[in-house]
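S.K.: Next input, structure requested:
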Amino acid sequence: MTTEKKLKRTVPALNKYKLKSVGANIVVSIFRYVLLIAISYIILYPLFAMIGYSFMSKADMLDTSVTWIAKRGTFENYKVAWEALEYPTSLLNTITIHLVSAVLEIFSCAVAAYGFARFKFKCRGLLFGIVLFTAIVPVQILVIPLFLNYQYFGFGYIVNLLNMIPGVEIPYISLTDTPFTFWLPSLFGAGLRSGLFIFIYRQFFIGLPKELEEASWIDGCNPLMTFFRVVIPSSGVVFLTVSIFSIIWHWNEYYQSVIFFNETLPLSVVLSGVRSLKLENMGYREQFAAPGVSASCLLFMAPILIMYLFLQKKFIQSIDRVGIVG
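M.R.: Predicted coordinates:
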């Protein structure tokens with residue numbers, strides 16, 4: 001068989017194969033885009049609906065032709081939500097309690113994780129297993145002993161409980177309704193989801209070149225100086241990842257906040273009572289509560305959304321580089 005005849009038979013076969021390959025790629029691309037659009041709709045629908053409701057007036061709520069976009073839009077709902085949330089006071093409480101706790105946790109977990117990653121000591125594996133176990137145990141199981149510890153804080157209560165000094169009442173401190181209920185655990189690496197943060201830090205620190213630390217030791221740095229001068233400047237991506245997770249989880253924290261606080265309430269606790277108490281007292285009946293609640297939720301989310309808009313690119317890059325799955 002001549003070369004020309006072989007080419008005549010081979011070219012149609014190649015063209016047919018290329019057409020099948022292009023068709024398969026088109027089908028896969030269509031499926032991918034349909035899937036992404038469906039997932040995006042599921043995720044973004046509540047946000048878009050919330051934004052639409054937040055601008056609706058009472059007349060819009062009674063108008064059956066109005067679904068998302070208000071015909072008689074108003075900013076009155078945001079004014080009512082601002083007053084119902086007592087926004088300046090609640091925001092200051094949230095920053096004082098939760099953001100400070102988040103910052104303390106970011107650095108305390110980094111120190112603990114560096115110790116697990118770089119130093120060998122007895123029962124290191126067992127202790128790290130206990131740290132991971134703290135990330136699994138739900139806070140609902142621990143909330144009663146935690147509350148008792150903070151309500152009767154100090155050695156004086158133990159002395160009184162055991163009657164060590166008969167006839168003498170030793171004073172003790174109550175930390176409930178104070179920021180210390182969140183500050184103290186975060187300071188010692190036992191705050192919200194600290195076990196997970198220590199795990200993320202440790203996985204990253206293990207991957208850092210040891211030569212950098214050895215060079216700093218040769219230059220006369222001790223382990224603490226090495227951590228602050230070499231490790232932290234080389235770990236910006238993992239610090240960004242943990243910072244965003246810690247801030248978001250502290251900002252959204254409700255369960256422990258409602259247990260430990262009675263007067264100094266953060267936004268998450270105040271928001272939970274907006275529909276049932278604040279809006280009804282301000283003249284919003286049940287059928288008209290949705291716009292006020294939506295505006296309140298958006299005010300609650302606004303600081304986190306603004307933060308994420310500025311950090312989203314670096315956050316995505318950090319997730320890719322840190323490798324949370326270990």
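S.K.: in the stretch 51-200 of the chain, which spans are helices?
M.R.: 58-62, 76-85, 87-94, 100-118, 124-136, 139-151, 155-162, 180-187, 194-206 (DSSP state H, counting those that start in this stretch).
S.K.: Make a markdown table from those and add mean pLDDT to it.
M.R.: Converted to a markdown table, these look like this (pLDDT from 0 to 100):
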| stretch | mean pLDDT |
| --- | --- |
| helix 58-62 | 78 |
| helix 76-85 | 86 |
| helix 87-94 | 92 |
| helix 100-118 | 92 |
| helix 124-136 | 88 |
| helix 139-151 | 86 |
| helix 155-162 | 57 |
| helix 180-187 | 91 |
| helix 194-206 | 90 |
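S.K.: Which one of those lies nearest to residue 46?
M.R.: Residue 46 lies closest to helix 76-85 among those, at 17.1 Å (C-beta to C-beta). Every residue, glycine included, has its C-beta placed from N, CA and C.
S.K.: What residues sit buried inside that closest one?
M.R.: Residues of helix 76-85 classed as buried by neighbour count (16 or more other C-beta atoms under 10 Å): 77-78, 80-81, 84-85.
S.K.: May I have it as CSV, with CA atoms only?
M.R.: Included here for helix 76-85 are C-alpha records, laid out as CSV according to Å, rounded to 0.1, in the frame of the first residue of the first chain:
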residue,chain,number,x,y,z
GLU,A,76,-36.3,53.4,56.7
ASN,A,77,-35.6,49.7,57.4
TYR,A,78,-31.9,50.4,57.9
LYS,A,79,-32.7,53.3,60.3
VAL,A,80,-35.0,51.0,62.3
ALA,A,81,-32.4,48.2,62.2
TRP,A,82,-29.7,50.6,63.4
GLU,A,83,-31.8,51.6,66.4
ALA,A,84,-33.0,48.1,67.1
LEU,A,85,-29.5,46.7,67.1
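S.K.: low-scoring pLDDT stretches of the stretch 201-326 of the chain, where are they?
M.R.: Residues of the stretch 201-326 of the chain that meet the criterion pLDDT under 70 lie in 275-288, 315-326.
S.K.: ok, back up a step: redo the helices of the stretch 51-200 of the chain as a markdown table? Include distance to residue 48.
M.R.: Shown next, in a markdown table, are the helices of the stretch 51-200 of the chain (distance: least, C-beta to C-beta, whole Å):
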| stretch | distance to residue 48 |
| --- | --- |
| helix 58-62 | 16 |
| helix 76-85 | 16 |
| helix 87-94 | 23 |
| helix 100-118 | 29 |
| helix 124-136 | 34 |
| helix 139-151 | 32 |
| helix 155-162 | 52 |
| helix 180-187 | 33 |
| helix 194-206 | 31 |
